[in-house]
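K.L.:
got a predicted model here, sequence first, then my questions.
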Amino acid sequence: MTGPRRVRGIARPDPVRVRLAGPWRVAVAEGSMRPAIEPGDWLLVDPTVARWPRRGSIVVFREPGSDVLAIKRVAARPGDWVTFLGGHLQLGEDEAWLLSDASDAALEAAGFGPAMDSRRYGPVPVEALVGRAWFRYWPGGALGRLPLGRAG
Amino acid sequence: MSPLNRIFAPKTVAHAHCDLPCGVYDPEQARIEAESVYRIIEKYAANEDPTFRTRAIAIKERQADLVKHHLDTLWHDYFKPEHLEVVPNLHELFWSASKQVSKVKASTSIDDAKKLLDLIDEVDAAWKATGGESKTRVAGRPG
């Protein structure tokens, strides 16, 4: 396991050798990506991606602050402007803005608190990117590619 | 788990995180702050010193805000729609209790503070009637 790498202050993804180690498959826990992804879904992940994928893609990454492996949707990419805390913020050249699909109201109705995403921990640097989730292979009824979507 | 599942099940878990409320609720928290308000009003009445009285009012208002906060948490987070079947006047109860806190904030009447304590006891009864004691507290809650 290599630690975060920074070259001239810019975050870099892990080298290919480390990325090839995976994970290639993940099981999803918790419900903040409902309805697109349900807890218990098994997904295929492409860990070879070295840059933030297109807006609307679903990514697996190490959550800033906790290093827990998390799954969210890319809402904004490097250089994009996002609204945050009543103001605006431009993402750095290695940063993405990752959001949950489920609304806070839906989570509250299910007995949970607000989702943990960029609204909580801010922009996520590409060094935290682990892979792009692209295919659901369980449950069988929901088998197929994960389409691009819109967070929130 | 079937052998096929064992082969295909991912070894890694990715969390679609949300905040998990701790699930511990007890009207006692509101009751203790409301008792502070009650005692401060007693002390206020027994003391003529203007500096003391100013401090007492500031503290009373701070503790009253805490009462409101704890009542709101119970109302919004602990009580669920199905509890209305057991406690049909739940919303009126919280409405009057919150209104009573506002009244106590603006008043130095011991009767107002006593009425707030009584309303919190009613909330406590509603919490117990809906199984709050066994569902939200770790066993061994002081009686």
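P.N.:
Now that the structure is in, tell me what you want to look at.

K.L.:
what comes into contact with stretch A:102-118?
P.N.:
With contacts defined as CB atoms under 8 Å, 6 or more residues apart in numbering or on different chains, stretch A:102-118 is touched by A:30-35, A:63, A:70, A:72, A:75, A:82, A:84, A:97-100, A:120, A:124, A:152, B:17-21. From N, CA and C alone the C-beta is placed, and that goes for glycine too.

K.L.:
got the end-to-end distance for it?
P.N.:
14 Å (CA to CA, to the nearest Å).

K.L.:
which parts of that stretch are buried?
P.N.:
A:102, A:104, A:106, A:107, A:108, A:112, A:114, A:115, A:116, A:117, A:118 (16 or more other CB atoms under 10 Å in any protein chain shown).

K.L.:
can you put those in JSON lines and add secondary structure?
P.N.:
Compiled in JSON lines, these are given as follows (DSSP: H, G, I helix; E, B strand; the rest coil):
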{"residue": "A:102", "secondary structure": "coil"}
{"residue": "A:104", "secondary structure": "helix"}
{"residue": "A:106", "secondary structure": "helix"}
{"residue": "A:107", "secondary structure": "helix"}
{"residue": "A:108", "secondary structure": "helix"}
{"residue": "A:112", "secondary structure": "coil"}
{"residue": "A:114", "secondary structure": "coil"}
{"residue": "A:115", "secondary structure": "strand"}
{"residue": "A:116", "secondary structure": "coil"}
{"residue": "A:117", "secondary structure": "coil"}
{"residue": "A:118", "secondary structure": "helix"}
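
K.L.:
columns distance to residue A:49 and pLDDT on top of those residues, output as a markdown table?
P.N.:
Converted to a markdown table, the buried residues of stretch A:102-118 look like this (distance: CB to CB, whole Å; pLDDT from 0 to 100):
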| residue | distance to residue A:49 | pLDDT |
| --- | --- | --- |
| A:102 | 24 | 87 |
| A:104 | 29 | 77 |
| A:106 | 29 | 79 |
| A:107 | 28 | 77 |
| A:108 | 33 | 72 |
| A:112 | 29 | 71 |
| A:114 | 28 | 72 |
| A:115 | 23 | 77 |
| A:116 | 22 | 84 |
| A:117 | 19 | 90 |
| A:118 | 18 | 92 |
